Each structure stands twice: as structure tokens, then as C-alpha cells.
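K.L.:
Generate a structure from the sequence data that follows.
(one chain, ligands or ions: 1)
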Amino acid sequence: MSKESKNNILKYFSSTASTSLQAFKKLKLDDNVIQNNEISLKSTSSQISASELLDNTKNLVSTFEARKDISYYIGKQWSAEEKIDILKNIWVPDPNYKFPQSGNRNLRFQINWTYEFCWLRYSKIQDGAFCLTCILFPPSDGLGKGGHQNPGKLVIEKYNNWKKTKDLFMNHQNNHYHKLSQIKFDSFLVIRIKKVEPIDRQINETLKKEMNDNRDRLRPIIKTILFCGNQGISLRGHRDSGVIDLNEHASTENQGNFRELIKFRIDSGDNVLKNNLETTNKNSTYLSQSIQNEIISICNKLILEHLVANVNKSKSFTILADETTDISNKEQMILCVRYVDLNANKIREDFLQFIEIQNMSG
Ligand SMILES: [Zn+2]
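P.N.:
Here you go, the predicted model:
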């Protein structure tokens, strides 16, 4: 062979090999065979003989063919992206394909079976039938040790006894293992193709909406309590329990500042609050005295945290304490703090807390 013609052959196989490689990379599937071939092509491209290159190219082509065959995917794990590639690229025989005859009775695979059983795939390499669904989407507790079902033929090995084939396919389709796989497969298609949010994200969204709705319901109640606190007015009244009657002709009895303010908000057009009171159960309106106290306690905690953070920032502070008796004759110690507010650059005095005094002995 002349040097020139040898170079031409080398050039031809190099370009064929590189085109095949690009096609494989497009599949985004890792494969040692491809990598090994790629390395050997690169490392020996300067000295390799035409026959070696031909062998390498044949290997690549056969690997490429193998990747289109369902049997290549048995017993392996694939990512969601890889599964999409597999579903797009898996080989499906056309209606005129001549399936080989096998066995004593010279029977062969029938293309019609694939129309009847959508999960059925034919492996050209193994001349056998497989279940695409069970291979790509095995139930998590199905295969391997501890699995409750033995997938057997069609899933981990081919089925090629073409006698009573449809009965076997029907049995497979009805078994628990296949049904679980089919559910996984269907939800995968719905999510990937119809772009529906995965179920965990859907649940998250539902929870988020519920959380936001609950916050909307609580907001006017908290604002009313804060209003009373800012204005230094009491919340409770003499008749302030039970459901607030929004009827215009309801009793005009004074129900205390909190409940009267709630009614006033509704009268002024707070429809979220109105809807909340009209539609929720009597025991979940968040208007009771215990809820009021709980909200006051949370506000107290947040205000204290804010004050303590400001006091900690200043270089010096003083605690002021005094004692007084409240309306129920309990001795209360008042704690205040005097400190330099670095944000406003001035001295501040803030009330911290009332502390009930249990013992006056000192
Ligand atoms: Zn199956």
C-alpha cells in the first residue's frame, strides 16, 4: 500500500471515529468502553495501523448499537436526564422488520405485541423481549436482596419463548412489581413532559399557601393587639367570650376594646378578617383570651430581644428599678434600662419588664 493511500485511509477512519464520538457524547452517558476507545485512539493516532483503527471504529459502532438496545440498560441506575435520552433513543423495530425465527417451532417475535403492550421492547442483540418500564423504573424495594418480588424474565433476563407469549405479557402487566414501576414511569412522564411540579414540591406549595393564608388571618388580630398596647388601653371587657356576632342587629353591649376594635375593622372593610370569622370553626377564630395572651407574650419576647440587642451594642447602661402595686394588689417591680442609643446617638430610657414580687422581706 502506498504511503499516500494509507494516509487517506487513516484520515477516513479518524473522521468516522470522531463523528461517532460526538454522537456518544451527546447521549451524556458514561461508558468505559467509549472512554477506553477514545483514549486508545488519541494515544496511538500517530502510529496506529489502519486495521487497528478499523477495529476501534467497529467497537465504537457496536457500542453505539448496544446503547440503542434495551438489553444495555438492564440492572443499572440512570439519572432523570439519562432516562429521557434513553426513551428518545431506544431502538424500536419498524413494522417491516424481519424478526429472526427461534426454537423448535421456528416462532418469532411479533411487532403487534408492542402495540398491545406499550411497555414491551424487543432486543435485537439478545433476540428477546423486555419490559422498558420495569428496567428503567424499578420499584425501590423490588430488586436485589430484601426485595419482595422476583422480577425475573422481561426485567433482568430476556423472554424468548414465543409460545403463549401474550399470556405471559398479560401476567407481567398485572403483577404488583410492574404496576409500581408503571406508576413511577407515568409520574415521571407527567413531570418531565407536561412540566408539572413534582409531588413533594406541590405539597410544599400547598403548605406555603396554607401558611400564608393563616398569616393573613392572624395579621389583623395581631395589629389590633399592638394597637391596644401602643395606646395603653386594656383589651378585655365584661362580656368578651364566644363568637363575635357580625349581624347589624346584634347586641350593642360593649365587649371590650379588643373585640370592639375587631368589629370596627370589619365595619371599615377588612374582608379577610370578616371572611375568617364567617368561615372558620368557632374554636379556631384566634380571638380567645388565651390567644390574645399568647400573642402578647410573643410580642414581649420580640421587643425584649430587640432592646437587649441595642443595649448590648452601647458601651454602658444602667438598670432602673422601682416597685408599685397593681390593680389586683400584687407587688410589681418595674425594670427599666438607661443606655446610649448608638443608632440615634442619644441617651434612651426604655421599659423592660414587670416582675411580680413574691417576697418583700428584702
Ligand atoms: Zn414491567
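K.L.:
Give the other helices and strands that the longest helix along the chain contacts.
P.N.:
When the chain is parsed with DSSP state H, its longest helix is helix 199-231. Contact partners of helix 199-231 among helices and strands, from 3 or more Cβ pairs under 8 Å, 6 or more residues apart in numbering; DSSP states H and E: helix 257-267, helix 271-279, helix 289-313. From N, CA and C alone the C-beta is placed, and that goes for glycine too.
K.L.:
pLDDT weak spots in the stretch 251-362 of the chain?
P.N.:
Residues of the stretch 251-362 of the chain meeting the criterion pLDDT under 70: 251, 362.
K.L.:
returning to that earlier point: I'd like to know which of the helices and strands packed on helix 199-231 is closest to the ion.
P.N.:
Checking the helices and strands packed on helix 199-231 against the ion by Cβ to the ion gives helix 271-279 as the closest, at 47.5 Å.
K.L.:
which of the helices and strands packed on helix 199-231 is buried the deepest?
P.N.:
Each of the helices and strands packed on helix 199-231 was scored by mean neighbour count; the highest is helix 257-267, a mean of 18, by mean count of other Cβ atoms under 10 Å.
K.L.:
For that one, enumerate the helices and strands it packs against.
P.N.:
Counting contacts by 3+ Cβ pairs under 8 Å, 6+ apart, helix 257-267 is packed against helix 199-231, helix 271-279.
K.L.:
rewinding a little: now do the buried residues in the longest helix of the chain.
P.N.:
For helix 199-231, the neighbour count (16 or more other Cβ atoms under 10 Å) marks 217, 220, 221, 222, 224, 225, 228 as buried.
K.L.:
List the residues that contact the closest residue to the fifth one other than its chain neighbours.
P.N.:
What that stands for is residue 224. Once flanking residues are discounted, residue 224 sits nearest to residue 261: 4.8 Å by Cβ to Cβ, 6 or more residues apart in numbering. Residue 261 sits next to 224, 227, 228 when contact means Cβ atoms under 8 Å, 6 or more residues apart in numbering.
K.L.:
Looking at those, which is nearest the ion?
P.N.:
Nearest to the ion out of these is residue 224 (Cβ to the ion; 60.6 Å).
K.L.:
got the CA coordinates for stretch 294-314 in CSV?
P.N.:
The C-alpha coordinates for stretch 294-314 follow below in CSV (Å, rounded to 0.1, in the frame of the first residue of the first chain):
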residue,chain,number,x,y,z
GLU,A,294,-50.1,34.2,73.7
ILE,A,295,-49.7,36.9,71.1
ILE,A,296,-48.8,39.5,73.8
SER,A,297,-46.2,37.1,75.2
ILE,A,298,-44.6,36.7,71.8
CYS,A,299,-44.6,40.5,71.3
ASN,A,300,-43.0,40.8,74.7
LYS,A,301,-40.2,38.4,73.8
LEU,A,302,-39.5,40.1,70.4
ILE,A,303,-39.4,43.6,71.9
LEU,A,304,-37.1,42.4,74.7
GLU,A,305,-34.8,40.8,72.2
HIS,A,306,-34.7,44.0,70.2
LEU,A,307,-34.0,46.1,73.3
VAL,A,308,-31.3,43.8,74.6
ALA,A,309,-29.6,43.8,71.3
ASN,A,310,-29.5,47.6,71.3
VAL,A,311,-28.3,47.7,75.0
ASN,A,312,-25.5,45.2,74.2
LYS,A,313,-24.3,47.5,71.4
SER,A,314,-23.9,50.5,73.7
